[in-house]
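Visitor: What follows is a predicted protein model with its sequence.
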Amino acid sequence: MSKSRLPLALGLTAAGGIGYYLYSAGGNTNVAKKQAEADAHKVSAQFKSELPGRGDQARKDAEKYGAEAGAKVDKTIHKTEAELRKAAADAEAYAKDARAAAMKKVDEFDKKVEAEASKAKSGISSWFGGK
């Protein structure tokens with residue numbers, strides 16, 4: 001099963017864009033934000049001018065694709081949360097089993113020590129005339 005590299009590419013592109021604007025603004029986030037907004041406005045205006053009459057259709061398409069992407073993100077989040085809950089339950093069950101096994105070993109050790117101590121006590125008592 002191959003995984004899509006699209007999320008990685010989008011993430012790297014977004015990080016690169018953020019880095020570009022922060023670097024060109026000298027590290028000032030407010031200036032970087034204003035520059036990004038200005039560039040976005042320029043691109044939007046150019047896009048609308050190149051597609052006269054299709055602006056509404058493009059907006060509707062963008063909304064549709066945005067809704068689809070949001071649904072996919074929500075589905076992925078729910079799937080991840082379910083997997084995390086399952087992993088937590090598995091870890092808890094494993095810890096409970098390990099704790100029970102450790103307690104069983106401790107009980108066995110205690111019984112053995114008590115039995116040996118009892119033997120030793122009776123052996124020492126017999127030296128001094130006890131039964």
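Guide: Alright, I've got the coordinates.

Visitor: Pull the contacting residues for residue 12.
Guide: Residue 12 sits next to no residue when contact means C-beta atoms under 8 Å, 6 or more residues apart in numbering. (Glycine included, C-beta is placed from N, CA and C.)

Visitor: ok, now the one 5 residues further on?
Guide: By C-beta under 8 Å, 6+ apart, the contact list for residue 17 reads residue 36.

Visitor: and it, backbone torsions?
Guide: phi -60, psi -40 (degrees, to the nearest 10).

Visitor: for this protein, which helix is longest?
Guide: Ordering each helix of the chain by length in residues (DSSP state H) puts helix 55-127 first.

Visitor: Please name every helix or strand in contact with that one.
Guide: Using 3 or more C-beta pairs under 8 Å, 6 or more residues apart in numbering; DSSP states H and E, no helix or strand is in contact with helix 55-127.

Visitor: chain center to it, what's the gap?
Guide: Here helix 55-127 is found 16 Å from its chain centre; the criterion is C-alpha atoms, centre = their mean, to the nearest Å.

Visitor: For that helix, the averaged confidence score.
Guide: Mean pLDDT, computed over helix 55-127, is 85.

Visitor: Same question for stretch 36-47.
Guide: Averaged across stretch 36-47, pLDDT comes to 83.
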